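>>> Below is the structure, and that's it, no one-letter string:
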């Protein structure tokens, strides 16, 4: 049985707590994917966050939610909404389930709650990025109907 997740806009305190670890976790994901060595991954992460969120959680078009199952925090979601020539699009920059709750259906439930949020906003398409070494996330996204739009590959010599 898939749990039910409801999305609640993040509070300032929740956002501040998220930002304490988010940039480091993104840098680790870049490094672990083999894209960049650690020092450069940290530089890239810092640059990406600075460019995307110049005004923190108040940055234009960006929205952050805390995901709950009942009164329990189970994860978070960060989307950017953008008006385009085809309509409103969304891009998922971060989506996570608490580590101790993974593989229990919360990822799927969070994605379903995000889809409801997007539909209510008139979104016509949702994009996201997933690192090549994150096979569990890739499988979930494919099950949820996401399709590959590009592939970047590399080979160590």
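Nice, thanks for sending it over. Worth saying up front: this structure is predicted, and the values here are computed from it rather than measured.
>>> report the longest helix in the chain, please.
Criterion DSSP state H: the longest helix present in the chain is helix 12-32.
>>> Show me how far it is from its chain's centre.
Offset of helix 12-32 from its chain centre (C-alpha atoms, centre = their mean, to the nearest Å): 11 Å.
>>> now stretch 100-115
Distance, stretch centre to chain centre, for stretch 100-115: 12 Å (C-alpha atoms, centre = their mean).
>>> Give me the phi and psi for the residue nearest in space to the middle of the chain.
By C-alpha atoms, centre = their mean, the chain has its centre lying nearest to residue 94, at 1.8 Å. Main-chain dihedrals, residue 94, degrees, to the nearest 10: phi -150, psi 140.
>>> Could you double-check that it sits in contact with residue 22?
Yes. At 6.6 Å, residue 94 counts as touching residue 22 under the criterion of C-beta atoms under 8 Å. Using the backbone N, CA and C atoms, a C-beta is placed for each residue, glycine as well.
>>> Where do the strands of this structure begin and end?
6-9, 62-69, 72-84, 87-97, 123-128 (DSSP state E).
>>> who does the second one touch, helix- and strand-wise?
The elements that strand 62-69 packs onto, with contact taken as 3 or more C-beta pairs under 8 Å, 6 or more residues apart in numbering; DSSP states H and E, are strand 6-9, helix 12-32, strand 72-84, helix 106-120.
>>> Need the ones you listed in TSV (columns: mean pLDDT and mean neighbour count).
Below are these laid out as TSV (pLDDT from 0 to 100; neighbours: other C-beta atoms under 10 Å):
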stretch	mean pLDDT	mean neighbour count
strand 6-9	96	14
helix 12-32	91	15
strand 72-84	96	17
helix 106-120	93	18
